[in-house]
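1. I would like to see how this sequence folds:
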Amino acid sequence: MMLSHVFGKFAENINRIVPNLPKGASPLTGATLKQIGFSVYAEQVQMSRQL
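-> Down below sits the predicted model:
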C-alpha cells in the first residue's frame, strides 16, 4: 500500500527508480520491490588500491 502511494498506479507505463538501495540493510524492501516488478538497472562497486 505504501509503495503504490509513493510510486503511483503501477498500470502507468513510466520508469520508477529506487537509487542506492542497500541489499544487506533492506532485504525485505528489496524482495518486495522485486516481487512487484522492479529489477536491477545498475550496481555500484567500491574499489580501493594500496599505494
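2. State the number of residues packed around the residue lying closest to residue 3 once chain neighbours are set aside.
-> Computed as C-beta to C-beta, 6 or more residues apart in numbering, the closest residue to residue 3 that is not its neighbour in sequence is residue 36, at 6.7 Å. Yep, even glycine has a C-beta here, placed from its N, CA and C like the rest. Per other C-beta atoms under 10 Å, the neighbour tally for residue 36 reads 11.
3. separation between residue 36 and residue 48?
-> 35 Å (C-beta to C-beta, to the nearest Å).
4. One more: residue 41?
-> Residue 41 is 25 Å from residue 48, by C-beta to C-beta.
5. Would you mind telling me which of the two has more residues around it?
-> residue 41 (9 against 5).
6. Which helix or which strand is home to the more buried one?
-> Counting by DSSP states H and E, no helix or strand carries residue 41.
7. what does residue 6 give?
-> Going by DSSP H and E, residue 6 is part of helix 2-7.
8. At the geometric centre of the chain, which residue do we find?
-> residue 18 (4.1 Å; C-alpha atoms, centre = their mean).
9. Select the helix or strand of the protein having the lowest average pLDDT value.
-> helix 2-7 (a mean of 76; mean pLDDT, DSSP states H and E).
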